[in-house]
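Enquirer: Turn this into a model:
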Amino acid sequence: MLEVIGMGVGLVLLFVLVIGLLTQGKVAEAEHDQLRASGTKARGTILAVGAGRVSSRQGSLQIYTRPVTLKVALPTGEAQLKADIVVPEMLQSLLIAGAPCEVIVDPAKPGQVCITAIGNAFGVDTPVDLGTLYSRW
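Expert: Numbering: from 1, shown residues only. Below is the predicted model:
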């Protein structure tokens, strides 16, 4: 009898976990889109990039969360922001200290940013969509 109850509880917990994971991605995507639509656009520089950690996998693709320090020229003045950027492994090589970038910052929550372009040594910007909430690539 206890085995049946334990198995039932386990299935309910598994179901709740799966539903939570599926809806969390949609919520993060919606918040990311809201940030892109209403945030403040600015130019900046990537000051430092930390090693980060694997935050999820999609098939064989690993998704990392990497701590990034940005120097951003906001309308209110220059600011230094720290953010954890979600980045797929194939785009990690773009996050280089010293690289110029274009960002969108949430004025109410400066830790929420979206990097929309990253420059290289030749002055060419690579369009990206990397954010603290969600990344689209």
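
Enquirer: From start to finish, how long is stretch 86-104 in a straight line?
Expert: End-to-end distance for stretch 86-104, by Cα to Cα, to the nearest Å: 15 Å.

Enquirer: Quick check: buried residues in that stretch?
Expert: 86-88, 91, 94-95, 99, 101-104 (16 or more other Cβ atoms under 10 Å). To be clear about C-beta, it is placed using only N, CA and C from the backbone, and glycine gets the same treatment.

Enquirer: cool, and stretch 31-46?
Expert: Buried, per 16+ other Cβ under 10 Å, within stretch 31-46: 31-32, 35, 39-40, 42, 44-46.

Enquirer: How about the contacts made by residue 48?
Expert: 68-69, 97 (Cβ atoms under 8 Å, 6 or more residues apart in numbering).

Enquirer: Then residue 98?
Expert: Contacts for residue 98 (Cβ under 8 Å, 6+ apart) come out as 45-47.

Enquirer: switch to 7 Å and redo it
Expert: Neighbouring residues of residue 98 by Cβ atoms under 7 Å, 6 or more residues apart in numbering: 45-46.

Enquirer: Is it in a helix, a strand, or coil?
Expert: Following DSSP: H, G, I helix; E, B strand; the rest coil, we place residue 98 in the coil state.

Enquirer: Am I right that residue 110 sits in a helix?
Expert: No. Looking at residue 110 with three-state DSSP, it is coil, so not inside a helix.

Enquirer: so it touches residue 81, yeah?
Expert: Yes. Taking Cβ atoms under 7 Å as the definition, residue 110 is a contact partner of residue 81 at 5.4 Å.

Enquirer: Looking at these two, which one has more neighbours?
Expert: Shown here are residue 110 and residue 81; by other Cβ atoms under 10 Å, residue 81 has more neighbours (20 against 17).
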